[in-house]
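Q: Sharing a model that was predicted from the sequence below.
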Amino acid sequence: MAPRILVGALAGVSLLALAQAASAQDHSHHSAAPAADPHAGHDMGDMPAASHVMTSPYGAWPISRDASGTSWQPDSGVLAGIHTVRGDWTVMTHALLNLTYDTQSGPRGGDKTFVSGMLMTTARRDFDDGSTLNLRAMLSPDPLMGKSGYPLLLAAGETANGVDPLVDRQHPHDFFMELSASYSKRLSEKDSLYGYIGLPGEPAFGPPAFMHRMSAMDSPEAPITHHWLDSTHIVFGVTTLGWAHDRFKIETSAFKGREPDEERWGVDSPKLDSWSVRGSWNPTADWSFQASYADVSAPEQLEPDEDETKWSASALHTRRLGETGWWSSTLAWGRKTNSHDESKDGWLLESALHPNDRWTVFARAERIETDELVPGDHGGHGDLYTVGKASLGAVRDWRIAPRVRFGLGALYAVNRVPGALEPVYGGDPDGGMIFMRLKID
């Protein structure tokens, strides 16, 4: 009942904020305005530029450093969202919806039109003693695409029916992507302690989830390294405790290791049977580094006796270009090791260039070691293959209302498989997507 109450309350605030913003003036949100009681009940986008940047609900750093869960991105990142003040609460709302046509070539490809995206709302209250309470809800239309998700060559992970693994398809994310609460306490001007709980939520592992990384968020295509780097961004049961000092933080999580089941509309039962630890460092405003480790209990529903350890390291760079432009890149590595001490590595390099308010160009290159692409090999019992993927795309946006943008985009991807897999895939197959999107920010 508690998750339903939380999401209902925050969703209601989201819709109210969006309705109010529809008649607001057009203002940039690259620097967030601070909460101010004299403006309670008014859209903060209508306020004059602030003399200082709004701080994070977790500590004394700029809120632009925050990404998914409790992860960090460069301080130079862009803060998107409609900001309102309601009494003692500051509310931020953001929405993105994609309508995508996907085509993947070869005998293992396919075609599909699907909807994806998210609606995210946070509600924050700052107290006189320097502590902050933050509530966050994130919903996704992904379950509408069906349990089998959409065609994506070389991707594997989770299941559509509880019996067979999803191979060459990207699974849908759950309707409840996050229902979380955090509480932080400032210890000094540079130090803070914080706690975070979620059902679902994201533990302290890996870089920001791909739909929240600036280098990836404009692409409707999930990376094939998803299950190496950030598949834990939705776990049904997570607690995190962290300490931050200026540009460094260390945090640890207890969470449910099992990935979400194929019932994407509900909330799975919580369990804290796995743990992780992550160190993050932002040496300058343009850089963010992290290294993390996780001991995961039975992540795959189809392999309930197989545990997994995971390592991850990443470097994120974001550079601002003029008043509205930016260039963001991510280099990330992940390693999964199963109960038989068999390790599989995944590498990702991606970049997005947003020179102005109209255009975004994005690219990605990946390489993974996998044993999940051949039927019967799932779960570390088959041959290990090294496969790769590269994609390039662009999207053109038009501002159709003060806080609403409509975009049209496309991408093209090429896949590389070893000789042993060429008969299965019909050589090196390719794929593409065309999409339209609606952004409310």
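A: Alright, I've got the coordinates.
Q: Look at residue 60 and say how many residues are nearby.
A: Residues lying near residue 60 (other CB atoms under 10 Å) number 18. C-beta: built from backbone N, CA, C; applies to glycine.
Q: What helix or strand is residue 413 located in?
A: strand 404-416 (DSSP states H and E).
Q: Kindly report the same for residue 422.
A: Element membership for residue 422 (DSSP H and E) is helix 422-425.
Q: Now that helix: buried residues?
A: Neighbour counts over helix 422-425 (16 or more other CB atoms under 10 Å) mark residue 425 as buried.
Q: Would you mind putting the CA coordinates of that helix into CSV?
A: Backbone C-alpha positions of helix 422-425 (Å, rounded to 0.1, in the frame of the first residue of the first chain) are rendered in CSV as follows:
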residue,chain,number,x,y,z
GLU,A,422,27.8,-15.9,-38.8
PRO,A,423,25.6,-18.8,-39.9
VAL,A,424,23.2,-18.0,-37.0
TYR,A,425,23.1,-14.3,-37.7
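Q: and the helix or strand following that helix, what does it pack onto?
A: Following helix 422-425 in sequence order, the next helix or strand is strand 430-440 (DSSP H and E). If you count contacts as 3 or more CB pairs under 8 Å, 6 or more residues apart in numbering; DSSP states H and E, strand 430-440 packs onto strand 89-104, strand 150-159, strand 385-401, strand 404-416.
Q: so which of those strands is the most packed in?
A: Most buried of the helices and strands packed on strand 430-440 by mean neighbour count (mean count of other CB atoms under 10 Å) is strand 150-159; its value is a mean of 24.
Q: Name every strand pairing with it and say which way it goes.
A: Here strand 150-159 is paired, per DSSP bridges, with strand 165-170 (antiparallel).
Q: and the strand it pairs with, C-alpha only, in PDB?
A: Once non-C-alpha atoms are left out, strand 165-170 reads as follows in PDB (Å, rounded to 0.1, in the frame of the first residue of the first chain):
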ATOM      1  CA  PRO A 165      15.600 -16.300 -21.900                       C
ATOM      2  CA  LEU A 166      15.200 -13.200 -24.000                       C
ATOM      3  CA  VAL A 167      17.900 -13.200 -26.600                       C
ATOM      4  CA  ASP A 168      18.400 -10.600 -29.400                       C
ATOM      5  CA  ARG A 169      15.800  -8.500 -27.600                       C
ATOM      6  CA  GLN A 170      15.800  -5.700 -25.000                       C
END
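Q: just to revisit the earlier point, just the residues contacting the strand holding residue 413, thanks.
A: Residues outside strand 404-416 that contact it (CB atoms under 8 Å, 6 or more residues apart in numbering): 22, 153-154, 218-221, 360, 362, 387-400, 425, 428-441.
Q: Alpha carbons only: can I get that strand in CSV?
A: The C-alpha trace of strand 404-416 is given here as CSV (Å, rounded to 0.1, in the frame of the first residue of the first chain):
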residue,chain,number,x,y,z
VAL,A,404,7.5,21.1,-24.4
ARG,A,405,9.7,19.9,-27.2
PHE,A,406,8.9,17.6,-30.1
GLY,A,407,11.7,15.7,-31.8
LEU,A,408,12.2,13.5,-34.9
GLY,A,409,15.3,11.2,-35.0
ALA,A,410,16.9,8.1,-36.4
LEU,A,411,19.8,5.8,-35.8
TYR,A,412,21.7,3.2,-37.7
ALA,A,413,23.6,0.3,-36.1
VAL,A,414,26.1,-2.4,-37.3
ASN,A,415,26.9,-5.6,-35.5
ARG,A,416,30.0,-7.7,-35.6
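Q: got the angle for it vs strand 165-170?
A: Going by axes from the mean of the first three to the mean of the last three CA atoms, to 10 degrees, strand 404-416 is angled at 120 degrees with respect to strand 165-170.
Q: Give the rounded mean pLDDT of strand 404-416.
A: Mean pLDDT, computed over strand 404-416, is 97.
Q: Who are the contact partners of residue 186?
A: Residue 186 neighbours (CB under 8 Å, 6+ apart): 59-60, 130-131, 192.
Q: same thing with residue 398?
A: Contact partners of residue 398, counting by CB under 8 Å, 6+ apart, are 358, 405-407.
Q: want to throw those into JSON lines with distance to residue 70?
A: Output for the contacts of residue 398, formatted as JSON lines (distance: CB to CB, whole Å):
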{"residue": "358", "distance to residue 70": "33"}
{"residue": "405", "distance to residue 70": "28"}
{"residue": "406", "distance to residue 70": "32"}
{"residue": "407", "distance to residue 70": "29"}
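Q: burial measure for residue 185, as a count.
A: 15.
Q: Looks to me like it is in a strand.
A: Yes. Assessed by DSSP: H, G, I helix; E, B strand; the rest coil, residue 185 belongs to a strand.
Q: Read off the pLDDT value for it.
A: pLDDT, residue 185: 97.
Q: With residue 157 instead?
A: 89.
Q: Correct me if wrong: it contacts residue 226.
A: Yes. Counting by CB atoms under 8 Å, residue 157 touches residue 226, with 7.0 Å between them.
Q: Low-confidence bits of the chain, can you list those?
A: 1-53, 376-381 (pLDDT under 70).
Q: could you pull out the helices for it?
A: Applying DSSP state H to the chain gives helices spanning 2-21, 226-229, 422-425.
Q: What residues are recorded as beta-bridge partners of the closest residue to residue 120 other than its chain neighbours?
A: Spatial nearest neighbour of residue 120, chain neighbours left out: residue 138 (4.4 Å); criterion: CB to CB, 6 or more residues apart in numbering. When assigned by DSSP bridges, residue 138 has beta-bridge partners residue 120, residue 178.
Q: Run a quick check on residue 138 versus residue 177, I expect a contact.
A: Yes. Using CB under 8 Å, residue 138 is in contact with residue 177, at 4.2 Å.
Q: who's more crowded, these two?
A: Neighbour count, other CB under 10 Å: between residue 138 and residue 177, residue 138 has more, with 28 against 23.
Q: ok, now which ones touch the more buried one?
A: 118-121, 176-179.
Q: From residue 203, how far off is it?
A: Distance of residue 138 to residue 203, given as CB to CB, to the nearest Å: 15 Å.
Q: Equivalent analysis for residue 384, please.
A: With distances taken as CB to CB, residue 384 is found 27 Å from residue 203.
Q: These two: which has the busier surroundings?
A: Just comparing residue 384 and residue 203: by other CB under 10 Å the higher neighbour count belongs to residue 203, 32 against 13.
Q: Quick check: that one touching residue 253?
A: Yes. Counting by CB under 8 Å, residue 203 does reach residue 253; the two are 3.6 Å apart.
Q: Spit out the residues that contact these two alike.
A: With CB under 8 Å, 6+ apart, residue 203 and residue 253 have common neighbours 238, 240, 276.
Q: Could you export these as CSV, including neighbour count and distance to residue 415?
A: Compiled in CSV, the shared contacts of residue 203 and residue 253 are given as follows (neighbours: other CB atoms under 10 Å; distance: CB to CB, whole Å):
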residue, neighbour count, distance to residue 415
238, 28, 33
240, 24, 36
276, 24, 31
